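S.K.: sequence and predicted structure below; questions after.
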Amino acid sequence: MKKVLALVAVVSLMAAATVASAATIKNSKHDLSSGSTATFKSSGVGTSTNQICVFCHTPHNAIQNGYPLWNRSAASGSFLLYSSGNMKNQYGALKASQGFTTNSVSLYCMSCHDGGLVAGRIHNLPLDNGKVIPTMTPAADQITSTANLGTNLQNDHPVNFNIVNFGGAIGTSQNGGKAIGGLTTTNLPLFNSGRGTSSLECASCHAVHDPGYVPFLRTTNAGSYLCLTCHNK
């Protein structure tokens, strides 16, 4: 009986340790609530909100765009995306380097990270602050750090392109990804977009709710682990 109790205790401690070590969006840079320890957050007197999820999601009256109960408008305007001699995505009918397709999930990331749109401009306003637009710190209500990517993304990793079109540089799509230490491209999700059903987007490499691997990476990039998941080098 003592051995059984000891075993239960060990298992319980292991489970508790697992839970304790799990990364959480709370107090991460994506926690914009007034209670967050992050620098960029809701902080206006009488206009702040302690809700975390509301800056991206709402349970009711969401913007109907096909993404999970989305609570903010997507970025719009002119974006320039990465192109190179190998990708040649400036050519052809889709002309990826000339901007995002209108249904690209990455546009929702850019609704904050383009450095121009205000983070507090959410669709369904929170009840805990009297349903007013949250005032943010800094007062400009815009990202001013290196996370401000701007609208010229030509010096950033390509996104919103159909990955199966570039098999020479990339280790094929999620249906037959190269395994690296047990991780395959099935762990890096691809999305539907106007450029195909296997479109690589910001969320392919970034897990926006999990700050465990900075900056919100889906896995470690030690030894270029994340890069080698897709790139056969």
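M.R.: Sure, I can see it. Residues are numbered from 1 along each chain as shown.
S.K.: the nearest residue to residue 217 once chain neighbours are set aside: neighbour count?
M.R.: Spatial nearest neighbour of residue 217, excluding adjacent residues (C-beta to C-beta, 6 or more residues apart in numbering): residue 226 at 5.9 Å. Bear in mind the C-beta positions are built from the backbone N, C-alpha and C, glycine included. For residue 226, the neighbour count with other C-beta atoms under 10 Å is 19.
S.K.: same question, residue 155
M.R.: 9.
S.K.: okay, now the nearest residue to it once chain neighbours are set aside: neighbour count?
M.R.: Nearest non-adjacent residue to residue 155, counting by C-beta to C-beta, 6+ apart: residue 82, 7.4 Å away. Neighbours of residue 82 under the rule other C-beta under 10 Å: 17.
S.K.: pull up the per-residue confidence for the most centrally placed residue in the chain.
M.R.: Centroid check for the chain by C-alpha atoms, centre = their mean gives residue 208 as the closest residue, at 3.8 Å. pLDDT for residue 208: 93.
S.K.: just the CA coordinates for the biggest strand by length in the chain, please, in CSV.
M.R.: The single longest strand within the chain, with elements called by DSSP state E, is strand 196-200. Extracted as CSV, the C-alpha positions of strand 196-200 are listed here (Å, rounded to 0.1, in the frame of the first residue of the first chain):
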residue,chain,number,x,y,z
GLY,A,196,-3.2,27.7,-52.4
THR,A,197,-4.1,25.2,-49.7
SER,A,198,-0.6,24.9,-48.3
SER,A,199,0.2,28.5,-47.7
LEU,A,200,3.0,29.3,-45.2
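S.K.: from the contact counts, what lies against that strand?
M.R.: strand 161-162, strand 191-193 (3 or more C-beta pairs under 8 Å, 6 or more residues apart in numbering; DSSP states H and E).
S.K.: one step back: what sits against the residue nearest to the centre of the chain?
M.R.: 25, 30, 56, 109, 216 (C-beta atoms under 8 Å, 6 or more residues apart in numbering).
S.K.: of all those, which two lie farthest apart?
M.R.: 25 and 109 (14.7 Å; C-beta to C-beta).
S.K.: so where do the strands sit in this structure?
M.R.: Using DSSP E, strands in the chain cover 41-42, 80-81, 136-137, 152-153, 161-162, 191-193, 196-200.
S.K.: give me whichever of those is most buried.
M.R.: strand 41-42 (a mean of 26; mean count of other C-beta atoms under 10 Å).
S.K.: any stretches of this structure with poor pLDDT?
M.R.: 1-22, 65-66, 85-94, 164-186, 232-233 (pLDDT under 70).
S.K.: how about the helices in the protein?
M.R.: Assigned by DSSP state H, the chain shows helices spanning 2-21, 106-113, 202-205, 225-230.
S.K.: what helices and strands are in contact with the third one?
M.R.: Helix 202-205 is packed against helix 106-113, with contacts defined by 3+ C-beta pairs under 8 Å, 6+ apart.
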